[in-house]
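Chemist: I would like to see how this sequence folds:
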Amino acid sequence: MGSQTCTALQKQALLWFVIASQCVSVLGCGPHYEYAIEDFCLGKFRLDMQELDQRHWCNWEDTVELYEELTNCTYLVALKMDCFWPNRLVDEFFIRVHRHYFHDCSLTGRLPMDPPNRILGPFIVVPILVTLLMTALVVWRSKRSEGIV
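Modeler: Sure, this is the predicted structure:
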């Protein structure tokens, strides 16, 4: 019984140690971490996005570097502050960033645009020509059948 009690106490102590270390880590990533990523990371991202024309915000090729820098910044700040990454604050932070900067973007990350004229042209011209040809054929056929009883 003595060894079972000792093992149970060790397990309980280990459980409390894990819980306490998690609480310390979570507390360490509270408002200070949130303020740090807001001020330091988001501040730079805002300036970079202002330099980029707003029409290009949904173009992944134009924003991928800025987005990677923002992600890396949140990671480095978490390392310096001994926080887990990613965490709930980072998730909420990126949701706010997406709601502000990327809310009008399509799921593919590309701006919707018309296809080039070489592709679009045939889709316009062919139906018009077929309509005119069929109309001419009907008129021609109707004139031919008037003399036949």
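Chemist: show me where the chain has helices.
Modeler: Here the chain has its helices, by DSSP state H, at 2-28, 31-36, 43-51, 60-80, 88-101, 117-145.
Chemist: What helices and strands are in contact with the fourth one?
Modeler: Read it as helix 60-80. helix 31-36, helix 43-51, helix 88-101 (3 or more C-beta pairs under 8 Å, 6 or more residues apart in numbering; DSSP states H and E). Quick note: C-beta positions are derived from backbone N, CA and C, even for glycine.
Chemist: do that again at 7 Å, thanks
Modeler: For helix 60-80, the elements it packs on are helix 31-36, helix 43-51, judged by 3 or more C-beta pairs under 7 Å, 6 or more residues apart in numbering; DSSP states H and E.
Chemist: and those helices, which one is worst for confidence?
Modeler: Across the helices and strands packed on helix 60-80, helix 31-36 has the smallest mean pLDDT, namely a mean of 87.
Chemist: which other helices and strands contact that one?
Modeler: Right, helix 31-36 is packed against helix 60-80 by 3+ C-beta pairs under 7 Å, 6+ apart.
Chemist: quick one: average confidence on the helix it packs on?
Modeler: 91.
Chemist: and if you look at stretch 120-134?
Modeler: On average, stretch 120-134 scores 91.
Chemist: related to what we said a few turns ago, okay, the helices and strands packed on helix 60-80 in CSV with mean neighbour count and distance to His98 next?
Modeler: Below are the helices and strands packed on helix 60-80 laid out as CSV (neighbours: other C-beta atoms under 10 Å; distance: least, C-beta to C-beta, whole Å):
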stretch, mean neighbour count, distance to His98
helix 31-36, 14, 17
helix 43-51, 14, 12
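Chemist: Output these in JSON lines; the columns should cover distance to Leu76.
Modeler: Formatted as JSON lines, the helices and strands packed on helix 60-80 follow (distance: least, C-beta to C-beta, whole Å):
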{"stretch": "helix 31-36", "distance to Leu76": "10"}
{"stretch": "helix 43-51", "distance to Leu76": "12"}
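Chemist: out of the ones you listed, which comes closest to Trp57?
Modeler: helix 43-51 (6.8 Å; C-beta to C-beta).
Chemist: about what we covered before: quick check: which of the helices and strands packed on helix 60-80 is nearest to Tyr75?
Modeler: Once the helices and strands packed on helix 60-80 are compared by C-beta to C-beta, helix 31-36 is nearest, at 11.7 Å.
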